[in-house]
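> coordinates only, no sequence provided:
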């Protein structure tokens, strides 16, 4: 949250300044910045889940995760929902 607040406050991104302010190394700061971006994007995907293309992408992502975990029956049911969404979008 501190990184997010600092980025919002500053008009221009300055890694050296942020590293000093947050008492982080540049490597740690880069990792935390990537983590922050991932979480912001996840929140945006969840917020926009009702948009057809985003919702379909999210269902397909779930299918891939479930397959990777070996949960094939659950993956199959999520895949069926993704196919239904795609068919509804094409109408």
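Happy to help now that I have it. These figures come from a predicted structure and were not determined experimentally.
> helices or strands next to the helix or strand where residue 87 lies in the packing?
Using DSSP states H and E, residue 87 maps to helix 72-89. Helix 72-89 makes packing contacts with helix 52-68 when contacts are defined by 3 or more CB pairs under 8 Å, 6 or more residues apart in numbering; DSSP states H and E. All C-beta atoms are positioned from the backbone trio N, CA, C, and that covers glycine.
> buried set for the helix holding residue 87?
Along helix 72-89, these residues count as buried under the neighbour rule (16 or more other CB atoms under 10 Å): 75, 78, 79, 82, 85.
> from residue 28, how far out is the spatially most central residue of the chain?
In the chain, the centroid-proximal residue (CA atoms, centre = their mean) is residue 42; its distance is 2.8 Å. With distances defined as CB to CB, to the nearest Å, the gap from residue 42 to residue 28 amounts to 21 Å.
> what about residue 63, how many residues nearby?
Burial of residue 63, expressed as a neighbour count using other CB atoms under 10 Å, amounts to 20.
> so what's it up against?
For residue 63, the residues meeting the contact criterion (CB atoms under 8 Å, 6 or more residues apart in numbering) are 75, 78, 79, 82.
> what's the closest non-adjacent residue to the last one?
Closest residue to residue 82 in three dimensions, ignoring its sequence neighbours and counting by CB to CB, 6 or more residues apart in numbering: residue 59, at 3.8 Å.
> distance of that neighbour relative to residue 34?
In this structure, residue 59 and residue 34 are 25 Å apart, going by CB to CB.
> which one's more surrounded, those two?
Set side by side, residue 59 and residue 34 show more neighbours around residue 59, with 19 against 10, by other CB under 10 Å.
> so residue 62 touches residue 78, yeah?
Yes. Distance between residue 62 and residue 78: 4.9 Å, which falls inside the contact criterion (CB atoms under 8 Å).
> after the helix or strand containing residue 5, which helix or strand is next?
Taking DSSP H and E as the definition, one finds residue 5 inside helix 2-9. The first helix or strand that comes after helix 2-9 along the chain, using DSSP H and E, is helix 15-22.
> re the thing from before, which of the three states applies to the residue nearest to the centre of the chain?
Here residue 42 is recorded as helix under DSSP: H, G, I helix; E, B strand; the rest coil.
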